[in-house]
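Chemist: can't give you the sequence, but here's the structure:
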């Protein structure tokens, strides 16, 4: 399932500034979902979104650890 999620999320260049405009390295779950839906036009059911969150690293407050998430898409 992890590979299918990663291949599904094909991010365009420059999306990082939309996800983390303050360069904190984390983004709230709500903001993360909002970017997926509004900026990337990816609509997920609640169940699909929960499955996606199971695949990403969260900080101790439940925020998405954005840098670790994006590192999964590095081609190098």
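Modeler: Here it is on my side, so go on. None of these values were measured; they are calculated from a predicted model.
Chemist: strands of this structure, start to end?
Modeler: With DSSP state E as the definition, the chain shows strands at residue ranges 26-27, 64-65.
Chemist: now do the helices in this structure.
Modeler: Per DSSP state H, the chain carries helices over the ranges 2-8, 15-19, 29-34, 46-55, 66-71.
Chemist: least confident of these, on average?
Modeler: Lowest mean pLDDT within the helices of the chain: helix 2-8, a mean of 45.
Chemist: pLDDT score for residue 75?
Modeler: So, for residue 75, pLDDT stands at 57.
Chemist: how much space between the nearest residue to residue 69 once chain neighbours are set aside and residue 66?
Modeler: Among residues not flanking residue 69 along the chain, residue 56 sits closest, at 4.8 Å (C-beta to C-beta, 6 or more residues apart in numbering). C-beta: built from backbone N, CA, C; applies to glycine. The gap separating residue 56 from residue 66 is 9 Å, by C-beta to C-beta, to the nearest Å.
Chemist: now swap in residue 42 and tell me
Modeler: As judged by C-beta to C-beta, residue 42 and residue 66 stand 16 Å apart.
Chemist: ok so, going back, what's the most buried one of the strands of the chain?
Modeler: By mean neighbour count, with neighbours taken as mean count of other C-beta atoms under 10 Å, strand 26-27 ranks first of the strands of the chain at a mean of 21.
Chemist: just checking: what are the partner strands of it?
Modeler: Strand 26-27 has the following strand partners under DSSP bridges: strand 64-65 (antiparallel).
Chemist: for residue 42 and residue 66, indicate the residue with more neighbours.
Modeler: residue 66 (22 against 17; other C-beta atoms under 10 Å).
Chemist: just checking, that one touches residue 28?
Modeler: No: if you go by C-beta atoms under 8 Å, residue 66 and residue 28 don't touch, sitting 10.2 Å apart.
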